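Engineer: Below are the sequence and a predicted model for it; my questions follow.
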Amino acid sequence: MKVLVACEFSGTMRDAFIARGHDALSCDLLPTEKPGPHYQGNVLDIIGSGWDLLIAHPPCTYLTSSGLHWNTRRPERAELTNEAVQFVLALASAPIPRICIENPIGCLSTRYRKPDQIIQPWQFGHDASKSTCLWLNGLMPLRPTEMIEPRIVNGKKRWSNQTDSGQNKLGPSPDRWALRSLTYPGIADAMATQWG
């Protein structure tokens, strides 16, 4: 298949499809972190180039629930949220038969539609919790591949990327957005195996 991985600079998803014999290209405004087929630029410039599958990871800064509260404190952010939603709608309406849009829980559930599936890294072999929504077109929901059990803290489930109170362990930093946005290899492998 000809696979376009939108908004990916890590190469993780791209390389999972390449490893299974597919013609995959990552695309991002940033350069790729790993050598491999990569288009540095706007994905909308190449979205109509005859792809069979689109896996899209649109930036979540202005879409995710954890950031939306800033829209009332800083009104200029509301317009950035509108632009981010329009970008997702452009991806969702691309002339590609199979599409997966991935994003954390946020306003896409009301501004686009409810997700078809919510997955967790711990369902795919990673000791981590991060609710991830998938909006699917022409694809079946992912089947979990390897369940990882959490530790129990005061009767509550906690994974290694969480503090005992349940917060994410990554504190504020200039590269927090990049670290939080990286694709878990187990999820990439599941997508490449099940959808490839």
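Structural biologist: Structure received. Numbering: from 1, shown residues only.
Engineer: Who are the contact partners of L134?
Structural biologist: C100, I101, E102, P115, D116, Q117, I118, I119, P141, L142 (C-beta atoms under 8 Å, 6 or more residues apart in numbering). For every residue, glycine as well, the C-beta is placed using N, CA and C.
Engineer: and with 10 Å instead?
Structural biologist: Shown in contact with L134 (C-beta atoms under 10 Å, 6 or more residues apart in numbering): 55, 100-103, 115-119, 141-142, 187, 191.
Engineer: just S109 next, same as before
Structural biologist: Per C-beta under 10 Å, 6+ apart, neighbours of S109: L63, S65, N103, P115, I118, C133, W135.
Engineer: on that earlier part again, and the contacts of L134, which of them are in helices?
Structural biologist: I187, M191 (DSSP state H).
Engineer: Out of the contacts of L134, name the ones that lie in strands.
Structural biologist: I55, C100, I101, E102, N103, Q117, I118, I119 (DSSP state E).
Engineer: burial of the third one, as a residue count?
Structural biologist: Residue crowding around I101 was assessed by other C-beta atoms under 10 Å; the count is 25.
Engineer: Then the second one?
Structural biologist: With neighbours defined by other C-beta under 10 Å, the count for C100 comes to 23.
Engineer: And for it, nearest residue in space, chain neighbours not counted?
Structural biologist: I55 (5.0 Å; C-beta to C-beta, 6 or more residues apart in numbering).
Engineer: Show me the one in the contacts of L134 that has more neighbours than the rest.
Structural biologist: I55 (28 neighbours).
Engineer: what about that residue, distance to E83?
Structural biologist: 22 Å (C-beta to C-beta, to the nearest Å).
Engineer: Please, where are all the helices along the chain?
Structural biologist: Going by DSSP H, the chain shows helices at 12-18, 65-68, 70-73, 76-92, 108-111, 176-181, 185-195.
Engineer: Go through those and pick out the most buried.
Structural biologist: helix 12-18 (a mean of 24; mean count of other C-beta atoms under 10 Å).
Engineer: Any idea what the closest residue to L139 other than its chain neighbours is bridged to?
Structural biologist: In space, and not counting its chain neighbours, L139 is closest to R98: 5.3 Å by C-beta to C-beta, 6+ apart. Beta-bridge pairing for R98 (DSSP bridges): L53.
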